[in-house]
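Q: Based on what follows, work out the 3D shape:
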Amino acid sequence: MRYNGCSGGLPATGVRHLNRQEKRMKGRITAAALMLTMWWTTSASAESQAPVLVETDAAAIVAQQHEIRQAAQQRSGRYKDMAGADRERLLQAQERVLGRLDGRSSTTELPRNDQVALFNDLEEISALVNKAEDDRMVCERSRPIGSNRPVSVCKTVAQRREERERALESRGSRDARCVGGCRENSTPGWN
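A: Next comes the predicted model:
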């Protein structure tokens with residue numbers, strides 16, 4: 001191998017060859033980066049396919065709903081002062097839950113959209129039972145702009161109302177009319 005006489009020991013081609021120790025280090029770094037990438041992609045895909053519900057045992061959910069239904073129909077305990085409209089909403093939400101879980105042993109057997117709908121119905125029941133409508137969580141499956149992969153977006157009723165109110169307020173402040181007066185050559189009332 002011929003050297004060009006420059007300091008640094010570069011061959012005439014200008015490319016320095018790696019010694020054995022440098023090759024091992026580069027191999028270790030590449031392997032670590034590859035393992036990190038594989039871990040990140042598997043954890044990201046595991047997160048995206050994680051079940052929506054914490055309780056996945058359909059029999060436990062059905063048993064709990066039957067207990068709530070019996071107490072609500074007898075108007076006993078916390079249900080004795082429940083308004084008729086709220087009791088009706090409770091029973092309708094329970095019908096939807098029981099219908100979705102009929103013949104299933106786990107909530108993970110449901111399609112993803114049905115899991116989200118089941119979660120929303122259970123949250124509605126919880127809000128009615130606990131008299132906490134603003135704390136009720138509502139989830140929806142949507143595709144972000146530029147993506148084909150649907151994601152679950154969960155927010156409380158209070159958060160959704162606040163976002164809606166802010167959007168309406170900001171829409172009202174985007175008026176293009178001249179408030180402090182217009183230039184001489186412009187159309188009256190507009191920039």
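Q: Count the neighbours of residue 85 for me.
A: Neighbour count of residue 85, defined by other C-beta atoms under 10 Å: 8. The way it works is simple: take the backbone N, C-alpha and C, and place the C-beta from them, glycine included.
Q: who's in contact with it?
A: By C-beta atoms under 8 Å, 6 or more residues apart in numbering, residue 85 lies in contact with nothing.
Q: repeat for the one 5 residues further on
A: With contacts defined as C-beta under 8 Å, 6+ apart, the neighbours of residue 90 are 68, 72, 82, 125, 128-129.
Q: For the host helix or strand of it, buried residues please.
A: Element membership of residue 90, judged by DSSP states H and E, is helix 84-101. Within helix 84-101, the residues scored as buried using 16 or more other C-beta atoms under 10 Å are 86, 89-90, 93-94, 96-98, 100-101.
Q: What lies in contact with the following helix or strand past that helix?
A: Of the helices and strands lying after helix 84-101 in sequence (DSSP H and E), the nearest is helix 112-130. Residues from elsewhere that reach helix 112-130, judged by C-beta under 8 Å, 6+ apart: 51-53, 61, 65, 68, 78, 82, 86, 89-90, 93-94, 96-97, 100-101, 107-108, 110, 132-133, 135-141, 150, 152, 157.
Q: Could you pull up the mean pLDDT of the helix holding residue 90?
A: For helix 84-101, the mean pLDDT works out to 92.
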